[in-house]
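> Build me a structure from this.
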Amino acid sequence: MTFLDSAKKGLMQKTFSVTIHVENKDLLLDPEDIISCYFIEDIYKFCMVGKLVFNDTKGFLEDGPFTGNEKITITYGETEIKNIIFDIWKMNKVTQLGTTDPTATSTVEVTFIDTVYELLTLRKYSKSWGPNTEISTILDHIVNKMCGLKELNTIIEETNSTLTGFAMPYWTPLQAMKWLIKRARGKITKTSGYLCYSNTYKKFTYNIRSLEWLFSTRNNWDSISYYFEHDDVLYENKILEWSLNGIDNTTTIMLRGGHWKGYNFEKKSLIDVEYKYSKGVDKSTLLGTKSLFPDISDTRTANILLASTSEDEIKRIIYNDWVKRYSVQQAMSFVVRGHEKRYAGLMIDVMWPAAERTTVNFNPQLSGKYLIKSVTHMFTGGDASMPYRQKIVCLKNAYHNSNMKVLYKATKINNSMAMEW
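Model (predicted):
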């Protein structure tokens, strides 16, 4: 039988609070009234989003009502307190809770989203930039000046790619950013594949990063390894549950290769760029020695016409799509005890036990580094023994040390580990 240390249990029960801000007052929810509360940060999503369900036993709707301008603050953490502010975006429903006095109590369900979403989507702008302007310079202007995020923590990875000119044709910032990141190439990484996302790094950060940077040794990582077996049930990096989303050959069609075409108006000639699976793997930093597939290169699977006039731009667009598809081919979900140190975009090291530990202690395929794609922060009120848990979806874009000779070999490998094994 495993016993819970009373001091640790008491600490866990105080790890979060939820406050709803209405006009002229702040309403702190009683943990006993919170049925469920969660929010998700994801490197493939532009913003964080979540849902709150609680029992209104204090007449909240009378103190409100909701007008669309309310905010929610979720406070959590053990060693570092984080206060994340969200906009209430949708009142899903309010339902009757009791039968004796049917209007006295109710269950309220709301959807909330981080405060950046409104800045990215509700306003449109027209602006142009001259030739030879770096894409990162344009992105910096959109994020920090148009959206006003300079007061928050923002990280924009510098690019080494310019455009002949860019006119923002009365687009929202989000529309412009989607168009630009398809064509951005990192100054350090020399590859495309940029992502825009919010995460809880340093409490709140808006990031524009390339997948190549996130998979490389330059990225931050948790120096404490993750284990499936540990004597302490509250060990912060103990994996409580896991599941694997494995390979699906249907999704590999666009990874195999093909032809992408544009038109050069100066030379009055068609641009034809051939791309293969092997080229994509050779450009990518992998978390192991072997890629996920054999050399499945086949240039007959795609024939796509792009509205581009530059061969270099077409190559950037191709790899941007390729690396984003390839990176999610093998995704592992872990449930762990909640801790504020984890965020989307962090690297972790998993010590995966071998099935038969006669010759090796750890699984040579699945042990090693993983990139956290998303973190679902899950809070539960009442007397839950673990009121704060996290579901982390992790990407492993290669097999750590596979003996399968048929798999295509990695050229660039991130083989650093939290500890030797």
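
> Residue 118 - how many residues pack around it?
Residue 118 has 14 neighbours, counted by other CB atoms under 10 Å. No exception for glycine: its C-beta is placed from N, CA and C like everyone else's.

> Who are the contact partners of it?
Residue 118 makes contact with residue 87 under the criterion CB atoms under 8 Å, 6 or more residues apart in numbering.

> I'd like the distance from it to residue 214, if you could.
Using CB to CB, to the nearest Å, residue 118 is found at 27 Å from residue 214.

> Residues contacting the helix or strand harbouring residue 313, please?
Element membership of residue 313, judged by DSSP states H and E, is helix 311-327. The contact list for helix 311-327, computed with CB under 8 Å, 6+ apart, reads 44, 161, 181-185, 191-195, 211-212, 215, 251, 254-255, 260-262, 271, 273, 275, 280-281, 283-284, 292, 306, 308, 371, 395, 397.

> Spell out which strands sit alongside the next helix or strand after it in the sheet and which way each one runs.
Downstream of helix 311-327, the first helix or strand assigned by DSSP H and E is strand 331-337. Paired with strand 331-337 in the same sheet, following DSSP bridges, are strand 239-245 (antiparallel), strand 388-395 (antiparallel).

> Minimum distance to residue 144: which of the ones you listed has it?
strand 388-395 (28.8 Å; CB to CB).

> Can you name the next helix or strand after that closest one?
In N-to-C order, the element after strand 388-395 by DSSP H and E is strand 412-413.

> Starting from that following strand, tell me which strands it pairs with and how they run.
strand 285-286 (parallel).

> quick one: the partner strand to chain centroid distance?
18 Å (CA atoms, centre = their mean, to the nearest Å).

> Residue 126: which of the strands paired with strand 331-337 is closest?
Nearest of the strands paired with strand 331-337 (CB to CB): strand 388-395, 37.4 Å.

> Centre of the chain to the closest one, how far?
11 Å.

> angle of that strand against helix 311-327?
Taking axes from the mean of the first three to the mean of the last three CA atoms, to 10 degrees, strand 388-395 and helix 311-327 form an angle of 130 degrees between their directions.

> Okay, buried residues for strand 388-395 please.
By 16 or more other CB atoms under 10 Å, the buried positions in strand 388-395 come out as 388-395.

> Also stretch 210-222?
Quick answer for stretch 210-222 (16+ other CB under 10 Å): 210-216, 219, 221-222.

> same question, stretch 101-117
For stretch 101-117, by 16+ other CB under 10 Å, it's 105-106, 108-110, 112-117.

> Could you give the average pLDDT over it?
Across stretch 101-117, the average pLDDT comes to 88.

> Off-centre distance for that stretch?
25 Å.

> mind checking the end-to-end distance for that stretch?
Using CA to CA, to the nearest Å, one end of stretch 101-117 lies 39 Å from the other.

> before we move on, what about stretch 146-156?
15 Å.

> So for it, mean pLDDT?
88.

> just to revisit the earlier point, return the subset of the contacts of helix 311-327 lying in strands.
Judged by DSSP state E, the contacts of helix 311-327 include 194-195, 260-262, 271, 273, 275, 371, 395 as members of strands.

> Neighbour-wise, which one of those residues leads?
Going by other CB under 10 Å, residue 194 tops these with 32 neighbours.

> Give the next helix or strand downstream of the helix or strand of the chain with the lowest mean pLDDT.
Across the helices and strands of the chain, mean confidence by mean pLDDT, DSSP states H and E is lowest for helix 6-12: a mean of 40. Going down the chain from helix 6-12, the next helix or strand is strand 16-22, by DSSP H and E.

> so after that next one, what's the next helix or strand?
strand 25-28.

> how much space is there between residue 317 and residue 307?
10 Å.
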